[in-house]
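Peer 1: structure, please.
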Amino acid sequence: MHSKDPDILIHPRKGRSEHYLPEKALFCVNPAEARIAEQEFSRHDVSKHFLHNSSLLVDKEERLCIAGPALGAPAAGLVMEKLVVLGVKRICLFSCCGVIDRAYSIGDIILATSGVSGEGVSNYYGDDGIVYTSPAATDKLRAVLHEQRIDYREGVIWSTDAPYRESRSELARLHDKYKVVGVDMEFTALCSIAAFRGVSITAIFVVSDELWGSVWKPGFGQQAYKKQCRLVIRALIRAGLEKEMRD
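Peer 2: Now for the predicted structure:
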């Protein structure tokens, strides 16, 4: 983690009443997926807290915590900074994305390996271009998906602050130049913060909408999409609670 730069006005810090967290966190930035994660995690012995405007669930054996929602790069960045200062060292982002590649459909699962920044947070952490997930942690996530027999593909994600200003020409350029397959709002910012703070990050997405057709095709309400979200969240919680996955 970077030492405190005296030129920076405000640094993340642990509050007097706050407790240190487990080293592993599942971060669900979207409200719908955060609710699913809370439902699934609440089947276990957990305690519930608040973290900024997010909920925070902590396994009472201190193996895993789950945070969210925190929609958009600035909000997600604030929550992530707090997670790190409270002791989290390994973060798995679970989210949804729109796809710009015709090879992908609603409900498909994408393991992110890198990202292209189109949001405004990354620049403040020294990275406004290409970002990457943590190789070793991503290998472990691959192993979890294989073990749980969850089909997935790997791809590049572009993060934007302005989903209502996405243009067909810009998405086509990103796909051609960087092989971008999906679009979200938080991923690259969290990768930049993770690199700056010296913690690891992985990310997995379920396709929620298709952006490659003549019209936008949302699938947030489709049962296939919801089923896939629950499938992945259950697998991530199960892996996070296994003691051997802590090392």
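
Peer 1: okay, helices next: where are they in the chain?
Peer 2: 31-41, 73-85, 135-147, 168-178, 187-197, 223-241 (DSSP state H).

Peer 1: and the third one, what does it pack against?
Peer 2: Read that as helix 135-147. In this structure, helix 135-147 makes packing contacts with strand 90-99, strand 109-118, strand 200-210, helix 223-241, judged by 3 or more C-beta pairs under 8 Å, 6 or more residues apart in numbering; DSSP states H and E. Glycine gets a C-beta too; all of them are placed from N, C-alpha and C.

Peer 1: and these as a markdown table, adding distance to G15?
Peer 2: Conversion of those to a markdown table gives the following (distance: least, C-beta to C-beta, whole Å):
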| stretch | distance to G15 |
| --- | --- |
| strand 90-99 | 20 |
| strand 109-118 | 30 |
| strand 200-210 | 24 |
| helix 223-241 | 25 |
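
Peer 1: check these for me and report the most buried one.
Peer 2: Relative to the other members of these, strand 90-99 carries the highest mean neighbour count by mean count of other C-beta atoms under 10 Å, namely a mean of 26.

Peer 1: and that one, how far from the chain's centre?
Peer 2: Computed by C-alpha atoms, centre = their mean, to the nearest Å, the separation of strand 90-99 from the middle of its chain amounts to 4 Å.

Peer 1: which secondary structure elements does that strand contact?
Peer 2: For strand 90-99, the elements it packs on are strand 24-28, helix 31-41, strand 109-118, helix 135-147, strand 180-184, helix 187-197, strand 200-210, helix 223-241, judged by 3+ C-beta pairs under 8 Å, 6+ apart.

Peer 1: buried sites along the first one?
Peer 2: Of the residues in strand 24-28, those with enough neighbours to count as buried (16 or more other C-beta atoms under 10 Å) are K24, A25, L26, F27, C28.
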